[in-house]
Structures are given as C-alpha cells and as structure tokens.
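>>> need coordinates for the below:
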Amino acid sequence: MDESGEFVSTESAAQLLGVSAQRVRTLLRDGTVAGRRQGRGWLVQAEDLERYRRDREASGRRRSDRAPARAAEQSRVEVGSVEGLSPAQLRVQLQELQTRVEELSRRNAELEEQLRRVRLLAELLRTETPVSATQG
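Residues are numbered from 1 along each chain as shown. The predicted model follows:
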C-alpha cells in the first residue's frame, strides 16, 4: 500500500461516508480502503477514501438513514478549526459541510410543509366551528 499522501481519522471518514466508525475500521481491515494503524486506532488515506466514496455513489449506494442525525451531531466546525489542515483534510471538511447543508435544506423543506399543513388545519377549524359552540 502506498502510504504517501494525507490521512484522516476514522471518525471523519465515517462522517463523510455516512457510516459508523466501526464500518470504516472494517473497510480498512479488509483492504477496501487504504489506511494505516496509528497507536490503537486507524488513519484513512484521504485520496483512497475519496475514491471509495465516488465509487459508492456511482454504484447508487446511499448514506444510511441514520447518517443525517449523526452528521448533525458530529459535523460542527468551529471558526479557525481548519487552520493547519492539509488540502485532503479540507476537502473532507468541505464535503461534510456540503452534506450538512443539503440535509438542513431538506429538513427545512419538510418543516415548512408541516407548518403549511398545520396552518391549513387551523384555518379549517376556525371556519367550520359551529356558531353555537362559540357562543357557549
């Protein structure tokens, strides 16, 4: 395995792929994704991770349904937290942020639709309330 290039943590790789860190470790152990051991953990080769992600998307595989919730909890990026990151790590961060924006946009559309329905129901209740009930 070529160990040159940039590496990212298994947690960052998991966020990007929308899978658990355990799944990333399995991909590393079986050689599906290139990486190296560091201490008790793993580092994932960023370039190979990007290749795997592209191949996975091209095959039509999607992130798990639980991924948006995990991404929402884990993808907080603080101002200044990108200083000192390599270009590969910045690409991973950018992908995570783009995914989060897409998830938030979808959730916003869902909430707007729910609000529209609630307002419609409230209007129907106001217009269909019998006069005797309001004078009661």
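
>>> what segments of the chain are helices?
10-17, 21-29, 46-58, 67-74, 87-128, 131-135 (DSSP state H).

>>> out of those, which is closest to residue 36?
Closest of the helices of the chain to residue 36 is helix 21-29, at 8.7 Å (criterion: CB to CB). The C-beta positions use only the backbone N, C-alpha and C, and glycine is treated the same way.

>>> quick one: list the elements packing against that closest one.
Counting contacts by 3 or more CB pairs under 8 Å, 6 or more residues apart in numbering; DSSP states H and E, helix 21-29 packs against helix 10-17, strand 41-45.

>>> now that helix - C-alpha only, PDB.
The C-alpha coordinates for helix 21-29 follow below in PDB (Å, rounded to 0.1, in the frame of the first residue of the first chain):
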ATOM      1  CA  ALA A  21     -16.500   4.400  12.600                       C
ATOM      2  CA  GLN A  22     -16.700   0.600  13.100                       C
ATOM      3  CA  ARG A  23     -17.700   0.200   9.500                       C
ATOM      4  CA  VAL A  24     -14.700   2.300   8.400                       C
ATOM      5  CA  ARG A  25     -12.400   0.100  10.500                       C
ATOM      6  CA  THR A  26     -13.900  -3.000   8.800                       C
ATOM      7  CA  LEU A  27     -13.200  -1.400   5.400                       C
ATOM      8  CA  LEU A  28      -9.600  -0.700   6.500                       C
ATOM      9  CA  ARG A  29      -9.100  -4.200   7.800                       C
END
